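In: predicted model and sequence follow; I will ask about them next.
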Amino acid sequence: MNYKALIVEDEPLLSRALRKQIEHLRPDIMIDDELRTVEDTVKWLKNNPEPAIIFMDIQLADGICFSIFNQADVSNKAIIFTTAYNEYAIEAFDINSVAYLLKPIKIDELRKVFIKLEKISQVMESRLTSAQKIDYSKLAEEVTRQQNKFRKRFLVAKADAYKQIPVEDIAFFMVEDKITIAVTFKNRQHIIDWTLSDLEEELNPDDFLRMNRQFIINLNAIERVENYFNSKLIIKLITGLETPERIVVSREKATMVKNWLDR
């Protein structure tokens, strides 16, 4: 394939990890640079005819990446998005991108991307050049809207009044006797009229993750993770937080939980 590639990722650790994966799978692909911002990427693209492949995160240090495409010509580039955004972005960019990899990036998924690039390498330039034009400014607005769709607070009933509980104050949600309870970092409990399945749709997956049928945990509430028998995990919360029983993660979900914690 012998392509040059550019990594646009505002988190240095993730950028380096992606570089290592690429170098491991395709040592013949040269990484030209690793950029962090929209501004630097626009300048770089205007002054460099290559690379052919761009690994692009959506949310960069100074804004959403779509504005790059309004300022620099990427019509002859293969764009591979490497981010954690929702289904809207996946569907939209399926029109004009080679792939959309959800973080944390799995080596097998990256391998599939390179196989796909091999298959379309002979027609890539014409395909990308003639691809349907997208209004990236509108897409930027839409993804920003989608980012902000996650719940910011919960309104809970207290005697004859109501109280707002900011989402960031909640350490975990648990189900006890078929009742959903939000527990704050101050270890105060509030009954809420939501199922854990509904909460999964309302909470930012970067901050909250469902561990099992009974618990959704805030990332900042976790002190450590311990190995358990049969490749399961035990989630240990920070001092001051207590649960009526141990938070056990199944063997099937253990890898996903560790990847979530390792971003």
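Out: Nice, I can see it.
In: pLDDT weak spots in this protein?
Out: For the chain, the stretches flagged by pLDDT under 70 are 1-2, 85-96, 119-149, 263.
In: could you pull out the strands in the stretch 51-200 of the chain for me?
Out: Under the criterion DSSP state E, counting those that start in this stretch, the stretch 51-200 of the chain carries strands at the ranges 53-56, 59-60, 63-64, 78-83, 99-102, 153-158, 161-166, 170-176, 179-184, 189-192.
In: which residues sit against the fourth one?
Out: Counting by Cβ atoms under 8 Å, 6 or more residues apart in numbering, strand 78-83 makes contact with 3, 9, 18, 52-59, 89, 93, 96-103, 105, 113, 117, 124, 128, all of which sit outside it. Any C-beta I mention is one placed from the backbone N, CA and C, and that applies to glycine too.
In: and it, how far out from the chain's middle?
Out: 13 Å (Cα atoms, centre = their mean, to the nearest Å).
In: hey, C-alpha coordinates of that strand in CSV?
Out: Provided in CSV are the C-alpha atoms of strand 78-83 (Å, rounded to 0.1, in the frame of the first residue of the first chain):
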residue,chain,number,x,y,z
ALA,A,78,-9.1,8.6,3.0
ILE,A,79,-10.6,9.8,6.3
ILE,A,80,-10.7,7.2,9.1
PHE,A,81,-12.6,8.6,12.1
THR,A,82,-11.4,7.5,15.5
THR,A,83,-13.7,8.7,18.2
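In: partner strands of that strand, parallel or antiparallel?
Out: strand 53-56 (parallel), strand 99-102 (parallel) (DSSP bridges).
In: next one: the longest one
Out: Based on DSSP bridges, the strands next to strand 170-176 in the sheet, each with its direction, are strand 179-184 (antiparallel), strand 215-218 (antiparallel).
In: point out the most buried one among those.
Out: Compared across the strands paired with strand 170-176, strand 215-218 shows the largest average neighbour count, a mean of 22 (mean count of other Cβ atoms under 10 Å).
In: circling back: mind putting the strands paired with strand 170-176 into a markdown table with distance to Pro166?
Out: What follows is the strands paired with strand 170-176, written out as a markdown table (distance: least, Cβ to Cβ, whole Å):
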| stretch | distance to Pro166 |
| --- | --- |
| strand 179-184 | 9 |
| strand 215-218 | 12 |
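In: unless I'm mixing things up, Glu189 is touching Thr180, no?
Out: Let me fix one detail, which is that residue 189 is Gln and not Glu. No. Gln189 is beyond contact range of Thr180, at 10.7 Å (criterion: Cβ atoms under 8 Å).
In: next up, the contacts around Thr184.
Out: Neighbours of Thr184 in contact, by Cβ under 8 Å, 6+ apart: Ile165, Asp169, Ile170, Ala171, His190.
In: what's the local residue count around the fourth one?
Out: Translated: Ala171. By the criterion of other Cβ atoms under 10 Å, Ala171 has 22 neighbours.
In: also the third one?
Out: By the measure other Cβ under 10 Å, the count of residues near Ile170 is 25.
In: that's all I had, so thanks and see you.
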